[in-house]
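Peer 1: Fold the stuff below for me.
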Amino acid sequence: MSTLKVDSLLTTGGADQFTIKAWANWNNSTGITLRDNGNVSSITDISTGKTVLGLTNATPNVTYYLQYGGSEADTDGAQMFMCQILTTSTQEYQCDNGGGTPDNLDHNYVLVGY
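Peer 2: The predicted structure follows:
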C-alpha cells in the first residue's frame, strides 16, 4: 500500500483544492457519545440540543465552512440546525425541533472545511 502526504492540493492551474479538515458523528440523545471523527479533540454537551466540538488542529482563521445536520429515531418534528464559530478551534452546534424548543438527536453530523 502507498501513502500520499501533501500540505496542500492545487489544480493544474494552481488554484487551491479545498478539503474537509475535520468531521464528527455523535449521539446526543442519552448523554453525549462521539461515534467517530477526524481532527476532533473534544466534545462537550452544553445543554439540551447544544454541543461544542474542539478541533485537534486549529483552522487558520474564523472564516471556515461548517455543515451540520442530524436525525432522530422518534421523528417528533422538523429539526432546525444552527452553527456558530467560536474560535479557530471550537464550534457550537444547536438543534431545535423547528418550533424553537432545543432537541437532542440520535445522529449528529458535521463537516469543517477551509
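
Peer 1: Surely Glu72 is in contact with Asp106?
Peer 2: Yes. Between Glu72 and Asp106 there is a contact at 4.5 Å, judged by C-beta atoms under 8 Å. All C-beta spots, glycine's among them, are computed from the backbone N, C-alpha and C.

Peer 1: Looking at those two, which has the bigger crowd around it?
Peer 2: Using other C-beta atoms under 10 Å as the criterion, Glu72 and Asp106 rank with Glu72 on top: 19 against 14.

Peer 1: That one: what's it in contact with?
Peer 2: Shown in contact with Glu72 (C-beta atoms under 8 Å, 6 or more residues apart in numbering): Ser29, Gln79, Asp103, Asn104, Leu105, Asp106, His107.

Peer 1: and the fifth one, how many residues sit next to it?
Peer 2: As a burial measure, the neighbour count of Leu105 was computed by other C-beta under 10 Å and equals 23.

Peer 1: neighbours around the nearest residue to it once chain neighbours are set aside, how many?
Peer 2: The shortest distance from Leu105 to any non-neighbouring residue, by C-beta to C-beta, 6 or more residues apart in numbering, is to Gly70 (4.1 Å). Other residues within reach of Gly70, judged by other C-beta under 10 Å, total 21.

Peer 1: Mind pulling the model confidence for Gly70?
Peer 2: You'll see Gly70 listed with a pLDDT of 83.

Peer 1: is it true that it touches Asp103?
Peer 2: No. Using C-beta under 8 Å, Gly70 is not in contact with Asp103, being 9.2 Å away.

Peer 1: what touches both of those two?
Peer 2: Residues touching both Gly70 and Asp103 (C-beta under 8 Å, 6+ apart): Gln79, Cys95.

Peer 1: Show the contacting residues for the residue nearest to Leu105.
Peer 2: Gly70 is in contact with Gln79, Phe81, Cys95, Leu105, Asp106, His107, Asn108, Tyr109, counting by C-beta under 8 Å, 6+ apart.

Peer 1: Tell me which two of those residues sit farthest apart.
Peer 2: Comparing every pair within the contacts of Gly70 by C-beta to C-beta identifies Phe81 and Asp106 as the most remote, at 14.2 Å.

Peer 1: Run through the chain and note the low-pLDDT ranges.
Peer 2: 17, 74-78 (pLDDT under 70).
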